[in-house]
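>>> I would like the atomic coordinates for the input below:
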Amino acid sequence: MEAGWAEVRALEAEIAELQRACEKLPAPQENASRIQKSLQEILQSDSEGQKSSKDLKSQLEHLKTELSFLSSLTGLNIRNYSKKDLVSAGMTEKGIKKVMQRHRLSGNCRMVTFQLEFQILEIETEENSSSLITDLSIIMEPTEYSELSEFVSGVEERRDLLMFFRSLHYFVEWCEHRKKTFKHFKDKYPGTVHLSEGPNSHCMEIHSASQPGFELMVVWRIQIDEEGKVLPKLDLLTKAPHRALQLDKKKVIETAPLNFRTLLGVLGIEAAIDSLINCFV
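Next up, the predicted model:
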């Protein structure tokens, strides 16, 4: 009997302990509420992540649209770009941090392609930060535009990237304008106008059908000054038989280049060339 009562008391103690443990457990409704709250937080987090992803995609599309607009407006298209840290130093005792980076990029401005390599030294202090181009190398293609050679040398010496891109844009625009203008007169006067160097020629020859031996040549060069300003320069060269030069008492042939420059200032390029052709033919 004593053994039986001992077993009963042990069972009662175990039951009491289980009851106390059950009282500590959350009620079913409370547990369900916690689960529902956790699910809502997970769903909300997923929703915010999707919204953030959509915002990033929208921003990316907007940047692509702006880049496409700038490329069509300026003609500049960057195809490849890379950056590499050469030297990186932590803050010195004076609170100055220096970072040297090498940049490489290649692209084109319509028909002119280019490759650039330059180094930038970034200096950061506690008050402000600044950057300086320490080295610049430019390779241009095609090389048929001789006007660009001297300009590129000047840009490399000055290490002025902004002037390079700005001047290149206007230079290419003038090249295309020259090409279209010469083509227009070649199509309008096919038997009179000749482009011996092809469609990208910087010279336009005018032959007289009624006066054999007489020739005019319009030389159209595009100059870039030291400040990067792009300007067209047109000159007129004349060719006439020696006998005609002797008979030209009024020096019409000799003064033709000067008169042509005056005509350019009054009428403009297209009208001046058209007037010249009609007078000569």
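>>> wait, Tyr189 sits on Ile277?
Yes - Tyr189 sits in contact with Ile277 when judged by C-beta atoms under 8 Å, with a separation of 5.9 Å. Glycine gets a C-beta too; all of them are placed from N, C-alpha and C.
>>> quick one, which of those two is more surrounded?
In this view Tyr189 and Ile277 are compared by other C-beta atoms under 10 Å, and Ile277 has more residues nearby, 19 against 16.
>>> ok, that one - contacts?
Taking C-beta atoms under 8 Å, 6 or more residues apart in numbering as the contact definition, Ile277 lies against 185, 189, 192-193, 206.
>>> now Val112
Residues near Val112 by C-beta under 8 Å, 6+ apart: 140-142, 145, 148, 168, 171-172.
>>> Quick check: Leu231 is in a strand.
Yes - counting by DSSP: H, G, I helix; E, B strand; the rest coil, Leu231 is part of a strand.
>>> what's around Asp187, how many residues?
Asp187: 9 neighbours (other C-beta under 10 Å).
>>> Tabulate the contacts of Val112 (a markdown table), appending neighbour count, distance to Ala244 and pLDDT.
As requested, the contacts of Val112 are exported to a markdown table (neighbours: other C-beta atoms under 10 Å; distance: C-beta to C-beta, whole Å; pLDDT from 0 to 100):
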| residue | neighbour count | distance to Ala244 | pLDDT |
| --- | --- | --- | --- |
| Met140 | 17 | 43 | 87 |
| Glu141 | 12 | 44 | 78 |
| Pro142 | 10 | 39 | 67 |
| Tyr145 | 18 | 36 | 79 |
| Leu148 | 23 | 38 | 85 |
| Leu168 | 27 | 44 | 92 |
| Phe171 | 21 | 38 | 92 |
| Val172 | 22 | 40 | 91 |
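>>> Just send those residues back as TSV, with distance to Asp235 too.
TSV is the format used below for those (distance: C-beta to C-beta, whole Å):
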residue	distance to Asp235
Met140	25
Glu141	27
Pro142	24
Tyr145	18
Leu148	19
Leu168	24
Phe171	18
Val172	22
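>>> Between those, which sits nearest Arg261?
Among the contacts of Val112, Phe171 lies closest to Arg261 (C-beta to C-beta), at 21.8 Å.
>>> Which residue comes closest to the closest one once chain neighbours are left out?
Excluding the flanking residues, the one nearest Phe171 by C-beta to C-beta, 6 or more residues apart in numbering is Val230, at 5.1 Å.
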